[in-house]
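Provided below for reference: sequence and predicted model.
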Amino acid sequence: MSGQGPVLRLRGVGARLGERDVLRDIDLDIPVGTSLGIVGVNGVGKSTLLRILAGVLRPSAGHCYLTDSSGVLRETSRISSRERSRRLAYVPQEEVASTELLVGEMVALGRVPRTRPWARGGTQERAIVRAALDAVGLADRIDDPCDRLSGGERRRAVMARGLAQECPVMLLDEPTNHLDVAWQLRLLHTVADRAETLVATIHDLDLALRSFDRLAVLGRPQGSDPDTGPATVVAHGPPAEVLDDISVDLHFGVGSVQVTHPHLAQPHLLIHPRKDHSA
Ligand SMILES: Nc1ncnc2c1ncn2[C@@H]1O[C@H](COP(=O)(O)OP(=O)(O)OP(=O)(O)O)[C@@H](O)[C@H]1O
């Protein structure tokens, strides 16, 4: 993936949920052709940030921009939901499996922004749905009811729906949740291959280190309430720099060391309890 101008931009973005300011003063440019991992502790606001980027939540302050189909950066809220869903596929964190739909029908929902009602269900549409399911190893489950899928299979099926949307930008909220180790690696690889630009929240810092061009850490700046204060981007850059041992200690409260895989020459992150927490 190589960088160009921004496809997504946030300026001075804040989010207020209920009585709380969850996010504040977020400035972020996400260049076309890059992959960005968003990391941070539980409840810090990663999903909220992704929902703002996706245009499903309006920021309470600041502005969120997305390039439209002509490549012009426009305020996301001014882009019609149909055009937005052709530009970006957003896959939320958890979804209740529909007991009504077959797997293929659920994945075909990803085609809605691209098809006219009378065009749905054609041979070409079925081929796209089947290819998306094939990419996540579920082509043989196309005619099964959704509620027969396991947790990991369901996660993969929902990802297939995002892939079937055929958007240049994919926004994935914890895509590796429920997946076994092989599928964690394979799924991130598959979406990075297919999406021009990828933004994903992720908890596994070792996977984050190896899977993205850049990482953004959401955290509560010094001086704000460490549990409920509004979060902002406290570190942003190449993964190996963002996840150095000082930052991991500061932002995640654990010790860490980066090592190089002896056979693959890839960086890995070993996590351990802080000395003051160890037995
Ligand atoms: N509708 C809501 N009203 C009030 N507070 C909310 C609402 N939705 C979420 N929150 C709070 O906003 C904060 C951020 O939530 P968010 O889901 O964005 O965090 P996260 O970083 O994705 O967390 P996790 O890692 O646990 O998935 C949390 O403290 C959450 O409790």
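Arrived safely.

what residues does the stretch 51-200 of the chain have near the ligand?
Residues of the stretch 51-200 of the chain lying near the ligand by C-beta under 6 Å from any ligand atom: none. (Glycine included, C-beta is placed from N, CA and C.)

which residues in the stretch 51-200 of the chain form helices?
81-87, 103-108, 123-135, 151-164, 181-194 (DSSP state H, counting those that start in this stretch).

would a markdown table of those helices with mean pLDDT and mean neighbour count be doable?
A markdown table is the format used below for the helices of the stretch 51-200 of the chain (pLDDT from 0 to 100; neighbours: other C-beta atoms under 10 Å):
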| stretch | mean pLDDT | mean neighbour count |
| --- | --- | --- |
| helix 81-87 | 92 | 16 |
| helix 103-108 | 93 | 23 |
| helix 123-135 | 93 | 17 |
| helix 151-164 | 94 | 23 |
| helix 181-194 | 94 | 17 |
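
Throw these into a markdown table and include distance to Ala54, thanks.
Converted to a markdown table, the helices of the stretch 51-200 of the chain look like this (distance: least, C-beta to C-beta, whole Å):
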| stretch | distance to Ala54 |
| --- | --- |
| helix 81-87 | 8 |
| helix 103-108 | 19 |
| helix 123-135 | 19 |
| helix 151-164 | 11 |
| helix 181-194 | 15 |
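
how far off centre is stretch 198-216?
Relative to its parent chain, stretch 198-216 has a centroid offset of 9 Å by C-alpha atoms, centre = their mean, to the nearest Å.

what does stretch 41-48 give?
Centroid displacement of stretch 41-48 relative to its chain, using C-alpha atoms, centre = their mean, is 12 Å.

can you show me the CA trace of that stretch as CSV?
Only the C-alpha atoms of stretch 41-48 are listed here, as CSV (Å, rounded to 0.1, in the frame of the first residue of the first chain):
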residue,chain,number,x,y,z
VAL,A,41,-7.6,0.5,26.2
ASN,A,42,-11.2,-0.7,26.7
GLY,A,43,-13.8,2.1,26.6
VAL,A,44,-11.4,4.8,25.4
GLY,A,45,-13.4,5.5,22.3
LYS,A,46,-12.1,3.4,19.4
SER,A,47,-15.5,2.3,18.2
THR,A,48,-16.8,5.8,18.6
